[in-house]
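Participant: Any chance you could fold what I've pasted below:
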Amino acid sequence: MKKSILILLITAFTFNSIFAQDEIVGTWFNTAKDGKVEIYKSGEKFFGQIVWLKDAKTDLKEIYDYIALDSKRYARLQVERIKESIKVLKIEPQIGKLVHELNQPEIREMIEGNYRIIYRLISTKKIHILMVHHGARDLQRRIK
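Facilitator: Coordinates of the predicted model:
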């Protein structure tokens with residue numbers, strides 16, 4: 001009887017330790033609770049989806065609203081292009097160039113049309129989209 005219980009405990013411990021590495025999988029919120037990241041596993045690798053912070057979501061809505069004054073179709077297409085362009089960050093998070101106005105190595109940008117998509121590298125699995133800024137506007141005024 002004792003031998004059966006011991007074997008059962010060892011089996012349970014082994015089974016639990018095999019799957020303990022998957023505990024990271026799920027939805028995680030940042031400390032300010034204004035953005036979230038969904039961690040998923042593909043094969044033996046973990047991936048984090050891109051987190052759109054509240055300001056960046058507001059920027060997308062404002063871009064849509066402004067372009068929609070002339071064309072809802074083109075407004076939708078522009079927002080879709082912006083969202084589509086950042087998907088590469090899931091694979092190559094450091095692909096963007098440094099934002100020269102900020103000179104911080106963890107803050108980078110990608111360009112999509114007239115827009116600067118500014119993001120922060122939190123880790124290799126976590127990226128925060130900070131803002132979507134029109135290239136003709138002064139970024140220094142916005143970040144002060």
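
Participant: Return the distance of residue 50 relative to residue 121.
Facilitator: 11 Å (C-beta to C-beta, to the nearest Å). Placement of C-beta: from N, CA and C, glycine included.

Participant: could you pull out the strands for the protein?
Facilitator: Counting by DSSP state E, residue ranges of the strands within the chain are 26-29, 36-42, 45-48, 51-52, 97-98, 107-112, 115-123, 126-134.

Participant: Strand partners (parallel or antiparallel) of the last one?
Facilitator: When sheet partners are counted by DSSP bridges, strand 126-134 sits next to strand 51-52 (parallel), strand 115-123 (antiparallel).

Participant: Tell me which residues of it come out buried.
Facilitator: When burial is assessed from 16 or more other C-beta atoms under 10 Å, strand 126-134 yields the following buried residues: 126, 127, 128, 129, 130, 131, 132, 133.

Participant: before we move on, the earlier item: need the residues touching each of residue 50 and residue 121.
Facilitator: Between them, residue 50 and residue 121 share the neighbouring residues residue 127, with contact defined by C-beta atoms under 8 Å, 6 or more residues apart in numbering.

Participant: Where does pLDDT dip in the chain?
Facilitator: Across the chain, residues meeting the criterion (pLDDT under 70) sit at 1-42, 44-49, 144.

Participant: and the strands paired with strand 126-134 as JSON lines, adding distance to residue 82 and mean neighbour count?
Facilitator: Putting the strands paired with strand 126-134 into JSON lines (distance: least, C-beta to C-beta, whole Å; neighbours: other C-beta atoms under 10 Å) gives the following:
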{"stretch": "strand 51-52", "distance to residue 82": "10", "mean neighbour count": "22"}
{"stretch": "strand 115-123", "distance to residue 82": "6", "mean neighbour count": "20"}
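
Participant: could I get those strands as CSV with distance to residue 105?
Facilitator: Converted to CSV, these look like this (distance: least, C-beta to C-beta, whole Å):
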stretch, distance to residue 105
strand 51-52, 19
strand 115-123, 8
